[in-house]
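Participant: when you get a sec, could you give me coordinates for this:
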Amino acid sequence: MSEEEIEFHKIGESIQEATRSQLFGKPCYKIDNKAFVCFYEDAMVFKLSLATHAEALKLQNSKLFDPSKKGRPMKEWVQVPYLHKKSWPQFAKSAANYISDLLKK
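Facilitator: Okay, here's the model as predicted:
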């Protein structure tokens, strides 16, 4: 397991209500069966809303998550490279909160 993936799992496991799973064949963490983070191309990918989404996209080399590589990104998901690993825990908490809020509706 790469250093990047180890960091991903460390963060995912730190979120109390999260469970380990798969999304598009890639490691992810879910809350109530809804994915909020995944690991892809040595980057952590987050399902984010509004201001946090914009903040993540401003980071160098961050981009919308396009697992199909066919120009059809998943608009709520931002892929943040390992270069910004210090931001990963903050974005993971925001993603978990976003999913939790969606589940309450």
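
Participant: use CA for all of it now, contacts and neighbours both
Facilitator: Noted.

Participant: look at the residue positioned nearest the centre of the chain and tell me its secondary structure.
Facilitator: Nearest residue to the geometric centre of the chain (C-alpha atoms, centre = their mean): residue 46, 2.3 Å. At residue 46, secondary structure determined by DSSP: H, G, I helix; E, B strand; the rest coil is strand.

Participant: residue contacts, the nearest residue to residue 40 once chain neighbours are set aside?
Facilitator: Using C-alpha to C-alpha, 6 or more residues apart in numbering and skipping the chain neighbours, the partner closest in space to residue 40 is residue 26 (6.7 Å). Contact partners of residue 26, counting by C-alpha atoms under 8 Å, 6 or more residues apart in numbering, are 38-40.

Participant: which pLDDT value goes with residue 68?
Facilitator: Listed pLDDT for residue 68 reads 89.

Participant: ok, residue 73 next?
Facilitator: For residue 73, pLDDT reads 93.

Participant: contacting residues for the residue nearest to it when sequence neighbours are not counted?
Facilitator: Excluding the flanking residues, the one nearest residue 73 by C-alpha to C-alpha, 6+ apart is residue 66, at 4.1 Å. Taking C-alpha under 8 Å, 6+ apart, we find residue 66 in contact with 72-74.

Participant: what residue ranges in the chain score low on pLDDT?
Facilitator: Judged against pLDDT under 70, the chain has no low-scoring part.

Participant: strands of that one, residue ranges please.
Facilitator: Taking DSSP state E, the strands of the chain run over residues 19-23, 26-31, 34-40, 43-47, 63-65, 74-81.

Participant: noted, bye for now.
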